[in-house]
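Peer 1: Following is a predicted model, sequence given first.
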Amino acid sequence: MTLDAVLARIDADLPQATGRLLELLRIPSISTDPAFKDHCQIAAHWLVADLQSLGVPAEKRETPGHPMVVGHVEGDGPHLLFYGHYDVQPVDPLELWDRDPFDPQIEDTAKGPVIRGRGSSDDKGQLMTFVEACRAWKAEHGTLPCRITFFFEGEEESGSPSLVPFMEENAAELKSDLALICDTGMFESRVPSIVTMLRGLLGEELTITAPDKDLHSGMYGGVAMNPIRVLSKVLASLHDDAGRITVPGFYDGVPELPDDIRSQWQGLAFDHGTFLGDVGLSAPAGETDRTPIEMIWSRPTCDVNGIWGGHTGDGFKTVLPSKAHAKVSFRLVGDQDPLKIRQSFRQMVRDALPPDCEVEFKDHGAGQASVTETTDPAFEAARTALSNEWGIPAAYVGCGGSIPIAGHFQDILGTTPMLVGFGKDDDQIHSPNEKYDMESFHKGIRSWARILDALT
């Protein structure tokens, strides 16, 4: 069979595929640090050369930041676009790494062999699963199965400042039938998954000022308004006793979970006790009428991410501070409008201020949630392909985080995104000692070969 030959080729060539990934991982393509700008160029050039070795006409496309890598293969059938990013997170604190983060190695662990190194899971290892699947297909058949566009970014870890302008300027070239994204993981590290719900994100920073200078608390305490007291009251009022968020109009656009999706999620038997126990907690703290898995994947949130004011150093200082600060983030779902929520939140804070207080706001970005309909037959075909490879029924899942590129494909290109990834919960992405299981790499390559076969 056509697929069997490709899978056998993947198995036979796994050592060479692993060697190529290790070579890419040795390039310190840290996009957030200008000192590594040349290394990002080197990583982009490496990918161009690798795609060209497959016969893919690929090129490095410059942007105001780090370059994009774009390659096209013509063919019959659907037009598939594959997206990944070659930039990686910084490695500090370096002393917490067990080895040089850019000297990747295969390590044996109690759970099996892993690829240890920065970018192994996020996202170079994931990116290369698709490339290696295409390599094996091309080796067996001389051509790829359909029209494919490769689209690799070098700024994902630094906020993708060049991405939207590039997509808008090249929309006709990048528009496709389906956008495949490999930057996610498996449910509980074992169930192959297609992410269909991504939460949006709104970030706000506020500073409340009362007296025009710090004051002696013995002379002014009790009579002068303390901005930390005001801020604490504001933040405490953001949730009611049932865990619901009290910002006016906050739940506008929040959908109820479809019955078929709720049933599938219940079948996953999510163990919230273990999930919370792994971080030293025991009791879910969100909306009391929702299951824990709903809280993570399909419900909006409001969290205080930082709060400070007054004397926070060593020792004790009886100061009544002039200013108090906080950073608040909202994870959004469905059709929630982040800009309307920003306005409502700010007005809620202003309305809560007593005399002699004023507030300043600073925004930290705003993006809507992304929801993918699974009515396209391609989704069931891909889910079946994943199930066949892993021997476990694949699931449609949500994701508590935000992956803006998925929404950009929908909004800018009118292309449906399909998010399939093979990361595991203990991959330590963004942290010291990042790793990617050899099982994820090997079966990830095989999974993409099966998906390509199913979609064409």
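Peer 2: Received it, and whenever you're ready, just let me know what you need. Residues are numbered from 1 along each chain as shown.

Peer 1: For the rest of this, base every contact and every neighbour count on C-alpha atoms.
Peer 2: OK.

Peer 1: measure the spatially most central residue of the chain to Met197 for me?
Peer 2: For the chain, the residue whose C-alpha lies nearest the mean C-alpha position (CA atoms, centre = their mean) is Ile403; its distance is 4.4 Å. Here Ile403 is placed at a distance of 10 Å from Met197 (CA to CA, to the nearest Å).

Peer 1: picking up where we left off before, need phi/psi at the residue nearest to the centre of the chain.
Peer 2: Recorded main-chain torsions at Ile403 are phi -130, psi 90, according to degrees, to the nearest 10.

Peer 1: Surely it is in contact with Leu198?
Peer 2: Yes: between Ile403 and Leu198 a contact is recorded at 6.7 Å, counting by CA atoms under 8 Å.

Peer 1: dump the residue contacts of Phe36.
Peer 2: Shown in contact with Phe36 (CA atoms under 8 Å, 6 or more residues apart in numbering): Pro28, Ser29, Ile30.

Peer 1: Could you count how many residues lie near the last one?
Peer 2: The number of residues packed near Ile30 is 25, by other CA atoms under 10 Å.

Peer 1: can you give me the offset of stretch 199-213 from its chain's centre?
Peer 2: The offset between the C-alpha centroid of stretch 199-213 and the centroid of the whole chain comes to 25 Å, using CA atoms, centre = their mean, to the nearest Å.

Peer 1: For it, buried residues please.
Peer 2: Buried residues in stretch 199-213, counting neighbours by 16 or more other CA atoms under 10 Å, are found at 199-211.

Peer 1: Stretch 136-156 now?
Peer 2: Under the neighbour-count criterion of 16+ other CA under 10 Å, stretch 136-156 has 136-140, 143-156 buried.

Peer 1: Start and end of that stretch, how far apart?
Peer 2: End-to-end distance of stretch 136-156 (CA to CA): 28 Å.

Peer 1: and it, what's its mean pLDDT?
Peer 2: Confidence for stretch 136-156, expressed as mean pLDDT, is 97.

Peer 1: How about stretch 48-58?
Peer 2: Averaging pLDDT along stretch 48-58 yields 97.

Peer 1: First-to-last residue distance for that stretch?
Peer 2: Comparing the first residue of stretch 48-58 with its last one, the separation is 6 Å (CA to CA).

Peer 1: And for stretch 396-404?
Peer 2: Across its full length, stretch 396-404 reaches 19 Å between end residues, using CA to CA.

Peer 1: next one: stretch 367-386
Peer 2: End-to-end for stretch 367-386, by CA to CA: 30 Å.

Peer 1: List the contacts of whichever strand or helix holds Val69.
Peer 2: Take DSSP states H and E as the rule and Val69 turns out to sit in strand 68-73. Where contact means CA under 8 Å, 6+ apart, the residues beyond strand 68-73 that reach it are 44, 47-48, 51, 56-62, 144, 146-154.

Peer 1: Which members of these are positioned in strands?
Peer 2: Using DSSP state E, the members of those that fall in strands are Ala58, Glu59, Lys60, Arg61, Arg147, Ile148, Thr149, Phe150, Phe151, Phe152, Glu153.

Peer 1: Let me see the contact set for the residue nearest to the centre of the chain.
Peer 2: Taking CA under 8 Å, 6+ apart as the criterion, Ile403 is in contact with Leu198.

Peer 1: can you pull out the strands in the stretch 1-150 of the chain?
Peer 2: Chain-ordered strands for the stretch 1-150 of the chain, with DSSP state E, counting those that start in this stretch as the definition, fall at 58-61, 68-73, 79-85, 105-109, 112-116, 147-153.

Peer 1: ok, Trp390 to Ala210 distance?
Peer 2: In terms of CA to CA, Trp390 sits 60 Å off from Ala210.

Peer 1: low-scoring stretches of this structure, by residue?
Peer 2: 1 (pLDDT under 70).

Peer 1: quick one, domains of it?
Peer 2: When the chain is parsed with automatic domain parsing, its domains come out as 2-198+370-455, 201-254+300-367.

Peer 1: now the ones you listed in JSON lines, with distance to Asp271?
Peer 2: Formatted as JSON lines, the domains of the chain follow (distance: least, CA to CA, whole Å):
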{"stretch": "domain 2-198+370-455", "distance to Asp271": "9"}
{"stretch": "domain 201-254+300-367", "distance to Asp271": "21"}
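
Peer 1: Pick the most buried one from these.
Peer 2: Across these, averaging neighbours per residue (mean count of other CA atoms under 10 Å) puts domain 2-198+370-455 on top, at a mean of 20.

Peer 1: tell me how far that one is from the chain's mean position?
Peer 2: A distance of 13 Å separates the C-alpha centroid of domain 2-198+370-455 from that of its chain, computed with CA atoms, centre = their mean.

Peer 1: Likewise for stretch 438-456?
Peer 2: For stretch 438-456, the separation from the chain centroid amounts to 21 Å (computed by CA atoms, centre = their mean).

Peer 1: you'd agree Phe330 is in a helix?
Peer 2: No: counting by DSSP: H, G, I helix; E, B strand; the rest coil, Phe330 is not found in a helix; it is strand.

Peer 1: Quick check, it in contact with Cys302.
Peer 2: Yes: the criterion here is CA under 8 Å, and Phe330 meets it with Cys302 at 4.5 Å.

Peer 1: For Arg135, see how far away Tyr436 is.
Peer 2: Computed as CA to CA, the Tyr436 to Arg135 distance reads 20 Å.

Peer 1: again, but for Ala236
Peer 2: With distances taken as CA to CA, Ala236 is found 55 Å from Arg135.

Peer 1: hmm, back to that, of all the domains of the chain, which lies closest to Gly267?
Peer 2: Shortest distance between Gly267 and the domains of the chain, using CA to CA, is found for domain 2-198+370-455: 9.5 Å.

Peer 1: Can you show me the helices along the stretch 301-450 of the chain?
Peer 2: Using DSSP state H, counting those that start in this stretch, the helices found in the stretch 301-450 of the chain span residues 338-352, 377-390, 404-408, 438-455.

Peer 1: Columns distance to Gly423 on top of those helices, output as CSV?
Peer 2: Output for those, formatted as CSV (distance: least, CA to CA, whole Å):
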stretch, distance to Gly423
helix 338-352, 29
helix 377-390, 14
helix 404-408, 18
helix 438-455, 7
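
Peer 1: residues contacting Trp46?
Peer 2: Each residue near Trp46 by CA under 8 Å, 6+ apart is listed here: Leu24.

Peer 1: ugh, wrong one, Leu231
Peer 2: Residues counted as contacts of Leu231 (CA under 8 Å, 6+ apart) are Ile208, Ala324, His325, Ala326.

Peer 1: Apply 7 Å and report the result again.
Peer 2: Leu231 makes contact with Ile208, Ala324 under the criterion CA atoms under 7 Å, 6 or more residues apart in numbering.

Peer 1: Just confirm it is within a helix.
Peer 2: Yes: using three-state DSSP, the assignment for Leu231 is a helix.

Peer 1: how near is it to Ile208?
Peer 2: Following CA to CA, the distance that separates Leu231 from Ile208 is 7 Å.

Peer 1: where do the contact lists of these two overlap?
Peer 2: With contacts defined as CA under 7 Å, 6+ apart, the residues adjacent to both Leu231 and Ile208 are Ala324.
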